[in-house]
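*Asks:* with the input below, show me the fold.
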Amino acid sequence: MSDDAPVSTGRLVLVPAVITLGVTLLRLFGELQGWSPRLFNREAGGGLALVGIAWLVPIFGAWFGWSVARRGSVPRFGRALGLTLLALVLMPALGFATRAAGLPEVSYTTFGLYVVGSIVGAVLGYLAWPALGRTLLAYAFAARIPVALVMLFAIFGSWGTHYDVAPPGLPPMAPFPKWVLIGLLPQLSIWIWFTIVFGMLFGLGAAALARRRAYATA
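*Replies:* Next comes the predicted model:
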């Protein structure tokens, strides 16, 4: 089957996007209520709290990959996996390079490099299997735009959640530039990279299983 076989992206993304929004709102409510830090961590970055939308990426990535493959789009697995792994290691490699160059962990230069690197990585992940990449990109924006908006209100309202707590080392600043730096730009770059690359990795695995099952029942 062709890699360009038509797939209804909107229909695939709709329910996962609604579920993801529900988890985002639950996370916000739990933090505002001061519930268990293990589930609703209010520290900067979220502290790997168990309630969070990042954990949904492998689940929905696998579902998207399975669904796209079942609808007739089959990637070139070797090429797709290679590009996905390249996109995956790009950000850790960039982090290693910035430390080796002696750049501060929290600086505008380092942050800018991460933003550019995440965009490059997201493009590589997308190109690994464009039929799935389109779905993951749509889901990434559907998941992350609401988070960016929540962060806007949280920062201006000083809610004391992980949505408005600045990372250590960030100098004091007005609410709007703070939102741009820790909310808008990361959500629409680094987290897009994360969603596409990890979603693609699990999506490829699910697509391989779907193809094997199709051959077994042929």
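*Asks:* contacts, neighbours, all on C-alpha from now
*Replies:* Noted.
*Asks:* what is the neighbour count of residue 108?
*Replies:* The number of residues packed around residue 108, counting by other CA atoms under 10 Å, is 13.
*Asks:* how close does it get to residue 116?
*Replies:* 12 Å (CA to CA, to the nearest Å).
*Asks:* before we move on, what about residue 183?
*Replies:* Per CA to CA, residue 183 is found 16 Å from residue 116.
*Asks:* the two: which is more packed in?
*Replies:* Comparing residue 183 with residue 116 by other CA under 10 Å, the one with more neighbours is residue 183, at 24 against 14.
*Asks:* and the residue nearest in space to the middle of the chain, what are its phi and psi?
*Replies:* Centroid check for the chain by CA atoms, centre = their mean gives residue 195 as the closest residue, at 2.7 Å. Dihedral pair for residue 195: phi -70, psi -40, per degrees, to the nearest 10.
*Asks:* same question for residue 80.
*Replies:* Main-chain torsions, residue 80, degrees, to the nearest 10: phi -60, psi -40.
*Asks:* check contacts around it.
*Replies:* 127-129, 204 (CA atoms under 8 Å, 6 or more residues apart in numbering).
*Asks:* rerun at 10 Å
*Replies:* Listed by CA atoms under 10 Å, 6 or more residues apart in numbering, the contact partners of residue 80 are 86, 124-130, 200-201, 204.
*Asks:* circling back: which residues does the residue nearest to the centre of the chain contact?
*Replies:* Residue 195 touches 54, 56-58, 60-61, 122, 125, 136-137, 139-141, 143-144, 201, counting by CA under 10 Å, 6+ apart.
*Asks:* buried sites along the worst-scoring helix or strand of the chain on mean pLDDT?
*Replies:* Across the helices and strands of the chain, the lowest-confidence element by mean pLDDT, DSSP states H and E is helix 190-217, at a mean of 89. By neighbour count on 16 or more other CA atoms under 10 Å, the buried set for helix 190-217 is 190-208, 210.
*Asks:* and for stretch 38-57?
*Replies:* For stretch 38-57, by 16+ other CA under 10 Å, it's 39-46, 49, 51-54, 56-57.
*Asks:* my guess is residue 53 meets residue 22, correct?
*Replies:* Yes. In terms of CA atoms under 10 Å, residue 53 counts as a neighbour of residue 22; the distance is 9.4 Å.
*Asks:* residues in contact with stretch 152-162?
*Replies:* 27-32, 34, 40-47, 146, 148-149, 151, 163-166, 174-176, 178-180, 182-184.
*Asks:* show me which of those are buried.
*Replies:* Buried members of the contacts of stretch 152-162, scored by 16+ other CA under 10 Å, are 27-28, 30-31, 40-46, 146, 148-149, 151, 163-166, 175, 178-179, 182-184.
*Asks:* quick check: residue 140 vs residue 179, distance?
*Replies:* Note on residue 140: its distance to residue 179, by CA to CA, is 19 Å.
*Asks:* chain neighbours aside, what residue packs nearest to residue 88?
*Replies:* Leaving out its chain neighbours, the residue that sits closest to residue 88 by CA to CA, 6 or more residues apart in numbering is residue 197, at 6.2 Å.
*Asks:* so the one you found touches residue 133, yeah?
*Replies:* Yes. Counting by CA under 10 Å, residue 197 touches residue 133, with 9.0 Å between them.
*Asks:* list phi and psi for the nearest residue to residue 199 once chain neighbours are set aside.
*Replies:* In this structure, residue 199 finds its nearest non-sequential neighbour in residue 61, 3.9 Å apart by CA to CA, 6+ apart. Here is the backbone geometry of residue 61 (degrees, to the nearest 10): phi -60, psi -40.
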